[in-house]
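J.: sequence? don't have it. structure:
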């Protein structure tokens, strides 16, 4: 705990100076928006805790002061009623109940919740969780805040003693015969004036009674004034303590985490949306970008030379260097991120290996690679960012076409469920884009429009051909009929003419023929029935 809570806590020597030093340290070590938010949070929590007991007591003080100002303006009977009301408002039991929220240790358990929340948002939760504190430690710090109330509690006790003495005196005087016979407690000047009427002895007794009560009442008033003075000193002192303890806890947590992260080459930053996240330090980002610039050309050169195994090995090593730390992988580079670019090179190498197996007559080997890409590859890469292959401007989409062709061969071998699974893998691959969370996705992750069109085509095909399409949970969006000619053209370029009799190819030809028929009908004015039919068949 000594490493977490700053030394000023517990000493309360020059609290304002310690607060200023802590604020300066936060602003130096943390991003300005985060530091300002932590400072405001500490001030706000202290204000909320203070207002809980100050608000009712201030109403009580205000009413007492109002009654005191009104006394002497409306006659003795009204003054006595005002006095009774003031003494009732000074009731120490009622005051103690309202003051209790300030005298009792505040609840600081929020700190451990902040630790848990921060641990969930950083990629290194372990370094945050170790700063959680046991309840007894938080209680000890809360006791330091409550200790500011000792002087005001003592003054309230003295006020209670004064008020009790006054009440006991009134009770004793009421039991005396003179009072029982109807003599009233009156001012000393009136008692002296009564001497010729009631005699010296009776007047002296009245005067003594009145003076005893005057002294007791003045003692009550003096004790109450002392309590208010202590209260006025207690409120800002407790608030200062609360602010310092809270900022030492929560601000200290963020400071310690920031220093731990920097030892790992990362740091807390605040993005444009105001969210706190972890990013590589500027020095580490510079080193990562430099290494990417040095290593990427070797991968591209191996791909251009057709050395697929060398390209895969070099790209895998580059991914390991760039992506092992999810924070470092987000380092900006060329409008994307170093992790995304490394993945794009690695995926390009994998697709080159699969294409080589396909060209060499090993479709099972190629299909195994493509299936793994669509089901397990950790990054969504746009075709435009893949290394270009001769004759294949869309390497990933082409892989999807050929995997679909392989699936049709499986279907002709009565392995329809397996074939549907290969098509469904490509649909799910594209659907992942909609579920990507910004804080988890690598900057740059996307899929090409052509890949989206192909996934929509496969979804429409499965909706028609699968035995139980509802069980596949296919996406609801559909491909416009006008896009099918381009899809069929790219498909045939990728797989050749060997699948013209497959159900998938027949489905594509049917879509294209429907479009042509609809267009011809529109040209001759008979679009109504055919257009309706086209919509029904989509």
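T.: Happy to help now that I have it. Quantities reported herein were computed from a predicted structural model and do not represent experimental measurements.
J.: just give me the neighbour total for residue 344.
T.: 23 (other C-beta atoms under 10 Å). For every residue, glycine as well, the C-beta is placed using N, CA and C.
J.: quick check, it in a helix?
T.: Yes. Counting by DSSP: H, G, I helix; E, B strand; the rest coil, one finds residue 344 located in a helix.
J.: residue contacts, it?
T.: By C-beta atoms under 8 Å, 6 or more residues apart in numbering, residue 344 lies in contact with 379, 381, 385, 386, 387.
J.: okay, it: pLDDT?
T.: Confidence at residue 344, expressed as pLDDT, is 97.
J.: same deal with the one 5 residues further on?
T.: Residue 349 carries a pLDDT score of 97 in this model.
J.: for residue 436, same thing?
T.: 85.
J.: for residue 357, same thing?
T.: The predicted local confidence for residue 357 is 95.
J.: distance of it from residue 319?
T.: 21 Å (C-beta to C-beta, to the nearest Å).
J.: same question, residue 296
T.: Here the distance between residue 296 and residue 319 works out to 11 Å (C-beta to C-beta).
J.: elements contacting the longest helix anywhere in the chain?
T.: Ranked by residue count and defined by DSSP state H, the top helix of the chain is helix 200-246. Using 3 or more C-beta pairs under 8 Å, 6 or more residues apart in numbering; DSSP states H and E, the elements in contact with helix 200-246 are helix 15-29, helix 32-70, helix 92-103, helix 135-146, helix 150-174, helix 177-180, helix 188-193.
J.: now find how far off-centre the helix or strand containing residue 490 is within its chain.
T.: If you go by DSSP states H and E, residue 490 is part of helix 484-495. Distance of helix 484-495 from its chain centroid, counting by C-alpha atoms, centre = their mean, to the nearest Å, is 47 Å.
J.: in it, what counts as buried?
T.: For helix 484-495, the neighbour count (16 or more other C-beta atoms under 10 Å) marks 484, 487, 488, 490, 491, 492, 494, 495 as buried.
J.: what does that helix rub up against?
T.: Helix 484-495 is touched from outside by 392, 394, 397-398, 401-402, 404-405, 450, 453-454, 457, 479, 505, 508-509, 511-512, 515, with contacts defined as C-beta under 8 Å, 6+ apart.
J.: how far off helix 484-495 does the very next helix or strand once past it point, in degrees?
T.: Counting by DSSP H and E, the element after helix 484-495 in chain order, helix or strand, is helix 503-524. Here helix 503-524 runs at an angle of 150 degrees relative to helix 484-495 (axes from the mean of the first three to the mean of the last three C-alpha atoms, to 10 degrees).
J.: state the mean pLDDT of helix 503-524.
T.: Throughout helix 503-524, pLDDT has a mean value of 80.
J.: ditto for stretch 481-497
T.: 87.
J.: chain center to it, what's the gap?
T.: 47 Å.
J.: next one: stretch 349-365
T.: 46 Å.
J.: now residue 267: which helix or strand?
T.: Counting by DSSP H and E, residue 267 is part of strand 266-270.
J.: would you list the strands that that strand pairs with, along with their directions?
T.: Strand pairing for strand 266-270, using DSSP bridges, gives strand 276-280 (antiparallel).
J.: contacting residues around the next helix or strand after the strand it pairs with?
T.: Note on strand 276-280: by DSSP H and E, the next helix or strand toward the C-terminus is helix 282-304. Helix 282-304 is contacted from outside by 265-266, 279-280, 308, 310-311, 314-315, 317-318, 321-322, 328, 331-333, 338, 341-342, 345, 348-349, 352, 387, 389, using C-beta under 8 Å, 6+ apart.
J.: ChimeraX command for the buried members of the residues you listed?
T.: The following ChimeraX line selects those of the contacts of helix 282-304 that are buried, judged by 16+ other C-beta under 10 Å:
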select :265,266,279,280,308,310,311,314,315,318,321,322,328,331,333,338,341,342,345,348,349,352,387,389
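J.: in strands only, show me the contacts of helix 282-304.
T.: Among the contacts of helix 282-304, the ones falling in strands (DSSP state E) are 266, 279, 280.
J.: related to what we said a few turns ago, out of the contacts of residue 344, who's the most crowded?
T.: Within these, neighbour counts (other C-beta under 10 Å) peak at residue 381, which reaches 27 neighbours.
J.: which SS class is it?
T.: Under three-state DSSP, residue 381 comes out as coil.
J.: for residue 219, see how far away it is.
T.: Distance of residue 381 to residue 219, given as C-beta to C-beta: 85 Å.
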